Every structure is written in C-alpha cells, then in structure tokens.
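Trainee: here is a sequence together with a model predicted from it:
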Number of protein chains: 2
Amino acid sequence: MVQMRRLKPASRASNKAPRLTQAERTAISDGRMLEAAMALVLERGTHNTTLREVGELAGYSRGLASNRFGSKDELFAELIDVFNERWKKESSALVGSKTGLEAFDAANESIIDFMNDNSDYIRAMFILYYETVGSSTVMRERLTEQHGAYRRAIARYISQGIAEQTIKRTVDPTRVALQYTSFFFGLVYQWLANPDAIEFESALHDFRDAMIQVIGETDMAVRRSA
Amino acid sequence: MVQMRRLKPASRASNKAPRLTQAERTAISDGRMLEAAMALVLERGTHNTTLREVGELAGYSRGLASNRFGSKDELFAELIDVFNERWKKESSALVGSKTGLEAFDAANESIIDFMNDNSDYIRAMFILYYETVGSSTVMRERLTEQHGAYRRAIARYISQGIAEQTIKRTVDPTRVALQYTSFFFGLVYQWLANPDAIEFESALHDFRDAMIQVIGETDMAVRRSA
DNA sequence: ACTAGCTTGCTCGAAACAAGCGAGTGGACT
DNA sequence: AGTCCACTCGCTTGTTTCGAGCAAGCTAGT
C-alpha cells in the first residue's frame, strides 16, 4: 500500500534563500508528481489511479496534476518519456561504442541489469505500454515510434554483425530484429501478468543463445561466456 | 467509426410467435451487447468505451449493459471468455488428435488461419488482454491462468516431440514453450501498436523455422513444407 | 396477477477547466 | 539604499460534465 501521508511541499523559503528559477520550481513538483504517479500505477494500474491521488501523494492539492499535465493521458505520456530517457541512458552506457554481436549482447545484458536494479520502474513502464495500446491517442503514436526505433537498433546490430562476419550473410536483419523484440515484449508481458511464473534473466539468456545458434557464424555459436 | 444507429431490439413478437425461453432471450441481448462492446473496444480501446454506448449500440437502453454484466470489468471478462471459447475451438479443430511437432505446427497454423478470418476478433481480444494486465482485478487472474495453460499446452507438444524423436532429447519443453509464447504475445503486441509494421504470417513462419532449427532433430529441420 | 427483461431516476466520484489566492520578484520613486 | 506597489506564476478551490453502478419502476408476454 502506498503511503498517503502528505510530503512537505517543496521546502519553500528555507534558511538560506535557495533562489530557484521558475523552471526549477516546476521541475520539482512535476518530478514529485511523476514519482507519485509511478507508485500508484504500480499499485493499481492506470485505470484505478486518479489525478487527485497523484497530486495529493506528491504533497500538493487535488488539482495540480490536472493543472500541470492537462490530462491523464498526457501525464502518462510524460511518464513514459522519463522512463525511456533512463532506459536509453542505461542501455547506451553498456553498449558504448560496441557494434555488431557485441553490441547486441551488451544491449541484452543491459536489460537484465536494468531489470535487477529497477524492476519497479520497468514494471510501471510496461504497464503503461500495454494499457494504452488499444487507446487511439497520442500515446499510441509514441509507442509506435519507440517500438520501431527499438527494432531498427537491433537490426543495425545484426547488420554490423554480418559485416563483421560474426553473423551469417543469409540472415535478414529486419526479421531477426522483429523476432527478438517480439520475444522481449512478450516475455515482459507474461512477467507482468504473473511475475512468479517467469524467470526473466535465464529466459533472456536462453533465447539469446538459441538465436545466435541460428544466425551466428558456426564458430560463434558457443561463445556467449567469452 | 462505428455506426451508432440503434438496431431493432431483438425482433420481439414477430409474425409467427418465436417462443423463446428466458435463457434464449437474454442470450440474444447479451450477444448483441458483447458484439457492440467488441466494436467499441476495437475503435476506442477499453478506457474510452462506456457502458452506455455498449447498450445503445446494441439497440437497448443506457443501463442494460450495467444491469446485465454488473460492471465494466465483468463485461470485458465475459468478452474474453467468448473469445477464448472460439479460439480453443478453432485451435483444436486444426490440432485434432495430432501430437508432438505436428500438433505444434497445427497450432501455429491455426493462429494464422484464425488471424486471417477474424483479425478484428483477435485484435479486440488482445487489446483486452493487454489493457488489463496492470489492473489488479479478477481479470488478471484469468489472464494468469490462461497464459499458463497456453504455455503448458505448447510444452506438452514439445515433450511429445521428444518422445517421438522429432525433437532433441536435450531440449527443455518448459523453456521452449516460454520462448514460443513470448514471441507470440510480443508479436501480437507490436502488431496492435502498429499493424502496418508487422507482417504477421511470415513472422510466425520465420520464428517457427528458426525454433525447429534449434530444437528439432537434425533431419527434421527442413521439413516444414511437408 | 405475476414474472422477467428492460428502462429510468439517482448518487457518487473522477476529469477537466476556470477563476482565484498569495508568496515572491522586479521596477519605480524617493 | 530603502520602501512600496504591481505583476507573475505556482498552486488551490469552485464548478461542470460525464460515466459507473444501483434501485426502483414499467410493461409485454404467460
């Protein structure tokens, strides 16, 4: 159960006049509200979270979430953007300048890392993803775009792998990328529906190995632990 | 845009007194409402569908959907049950008494068949699946159970395949089943988010082939067209 | 007259918007 | 430099609209 006690509202006029710009002020309250929204989505899902609760859990009034974000949809869209920011950061930190199969493996591992450190975050993000897939709103377009970008990134790694001769020439990068992203989204989905039934980390490793067995150059097939 | 014109309400007292039992009467109105609900979910998703619209699109009053199903959740739960009924029927028609790899392939093809004939149906069903995954309701439990059953069914085919020596002894049926269902759910998800980007049928075939290449006995690997 | 399918009336609560409040800031005038 | 005023802007409160859900009522067949 989420703590519903009000937080102190953004320590205004503290001892040594903190001199915040407008942007900084709103950033604080927005941040608090996004955090509150995440907690509530985790607990109740999007339907059963109210803007009133978001505002009040963040330490403000009934109406602030509405006032700032305009609508529930936009609040959630904002949340997704924040998540994606972090995700990208985490991922690119591990992928770095790697290319090809190495980049692919790093991306795969970054999911596992991110999952271990922030499983709540991921959980909330995908609840948002999945719960909005049917609504014909602004959010749908964002999803479309982000998923497309993800598939393209994976396809690029595969293409590089072919160039580097770690992946077979006969492989179609686009199709393989679709297989990988499908597996990933579906795994997360089943994990959301029933966390106890899914062993996330080993499932990802299994799949990676199976995939490389198919698309890797024959002498690459075994090299994961390298 | 869904036609909002009222349908004639269940041709009551037509020429030759149709003599319906109570159960038959309610079955008709329930059926109409479920159909209306499906159309609305397809168009707007679950959030933006109101019980009022469901009732009125089905040719009845504001309140009937509420009155019959008790709540929005229960209406959707009912819808999912209807879908699953059809799905099972379609699937078992194609699988029949097949076992092992043959059963697996038949199940895989049944998806494609069902998809070609009823893509709206599938679309609506999965919107329901995905949009309720975050809500901690009765529906979540149903999802959990159904997904588990699906994984077990696939795992059983794999086990049979091993017994029939079409699938390698070293394969872990549970893990492979998870890979397959993950791929499938994730593919559908991406298709929901952006139907134009996903070539459903070929993606399923690709994945099937890749999977068999890994888990099939070596001389089986090529035999899909058989 | 009674049953049962359906409708209408009503309450509660959420979203969204508009108007208002009040603390802090900058500018003007001394 | 100090005082005061007007304005800005972050936040709150008042209010409307609409949906869910419930209960009471209506009416066509038996």
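Mentor: Ah, there it is.
Trainee: mind checking how far the longest helix along chain A is from the chain centre?
Mentor: Scanning chain A for the helix with the most residues, using DSSP state H, yields helix A:138-163. Distance of helix A:138-163 from the chain centroid (Cα atoms, centre = their mean, to the nearest Å) equals 14 Å.
Trainee: quickly check: that helix near DNA strand C or not.
Mentor: No. Interface with DNA strand C: helix A:138-163 contributes nothing (Cβ under 7 Å from any atom of the strand), its closest point being 11.7 Å away. To be clear about C-beta, it is placed using only N, CA and C from the backbone, and glycine gets the same treatment.
Trainee: in that helix, which residues are buried?
Mentor: A:139-140, A:142-144, A:146-147, A:150-151, A:153-162 (16 or more other Cβ atoms under 10 Å in any protein chain shown).
Trainee: please list which of the residues you listed also come close to chain B.
Mentor: Among the buried residues of helix A:138-163, the ones lying near chain B by Cβ under 8 Å from any Cβ of the partner chain are A:140, A:143-144, A:147, A:151.
Trainee: mind picking the lowest-pLDDT entry from those?
Mentor: pLDDT across these is lowest for residue A:140, at 86.
Trainee: what's in contact with the one helix or strand residue A:101 maps to?
Mentor: Element membership of residue A:101, judged by DSSP states H and E, is helix A:100-117. The contact list for helix A:100-117 (Cβ atoms under 8 Å, 6 or more residues apart in numbering or on different chains) reads A:87, A:90-91, A:93-96, A:98, A:121-122, A:153-154, A:157-158, A:160-161, A:163-164, A:166-167, A:184, A:200-201, A:204, A:208, A:212, A:216, A:220, A:224.
Trainee: from those residues, which would you call buried?
Mentor: Among the contacts of helix A:100-117, those classed as buried by neighbour count (16+ other Cβ under 10 Å) are A:87, A:90-91, A:94-95, A:121-122, A:153-154, A:157-158, A:160-161, A:166-167, A:184, A:200, A:204, A:208, A:212, A:216, A:220.
Trainee: how much space is there between residue A:218 and DNA strand D?
Mentor: Distance of residue A:218 to DNA strand D, computed by Cβ to the nearest atom of the strand, to the nearest Å: 57 Å.
Trainee: how about low-confidence regions in chain A?
Mentor: For chain A, applying pLDDT under 70 flags the ranges A:1-20, A:219-226.
Trainee: quick one, strands of it?
Mentor: According to DSSP state E, chain A carries no segments that qualify as strands.
Trainee: give me every residue that touches residue A:182.
Mentor: So residue A:182 contacts B:182-184, B:186-187, B:189-190, B:203, B:207 (Cβ under 8 Å, 6+ apart).
Trainee: no, scratch that, I was asking about residue A:79
Mentor: Applying Cβ under 8 Å, 6+ apart, the residues contacting residue A:79 are A:34, A:37-38, A:41, A:124-125, A:128.
Trainee: same thing but at 7 Å, please
Mentor: Residues in contact with residue A:79 (Cβ atoms under 7 Å, 6 or more residues apart in numbering or on different chains) are A:34, A:37-38, A:128.
Trainee: among the residues you listed, which are in helices?
Mentor: A:34, A:37-38, A:128.
Trainee: Throw those into CSV and include neighbour count and distance to DNA strand C, thanks.
Mentor: Formatted as CSV, those follow (neighbours: other Cβ atoms under 10 Å in any protein chain shown; distance: Cβ to the nearest atom of the strand, whole Å):
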residue, neighbour count, distance to DNA strand C
A:34, 22, 15
A:37, 28, 11
A:38, 22, 15
A:128, 23, 14
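Trainee: what residues of stretch A:63-72 count as buried?
Mentor: Neighbour-count burial for stretch A:63-72 [16+ other Cβ under 10 Å]: A:64-66, A:68-69, A:72.
Trainee: of those residues, list those near DNA strand C.
Mentor: When contact is defined as Cβ under 7 Å from any atom of the strand, those meet DNA strand C at A:66, A:72.
Trainee: let's see which of the buried residues of stretch A:63-72 end up in helices.
Mentor: A:64-66, A:68-69, A:72.
Trainee: roughly how far apart are the spatially closest residue to residue A:121 that is not a sequence neighbour and residue A:193?
Mentor: Using Cβ to Cβ, 6 or more residues apart in numbering or on different chains and skipping the chain neighbours, the partner closest in space to residue A:121 is residue A:83 (6.6 Å). Using Cβ to Cβ, to the nearest Å, we find residue A:83 at a distance of 20 Å from residue A:193.
Trainee: just want to know which of those two has more residues nearby.
Mentor: residue A:193 (25 against 20; other Cβ atoms under 10 Å in any protein chain shown).
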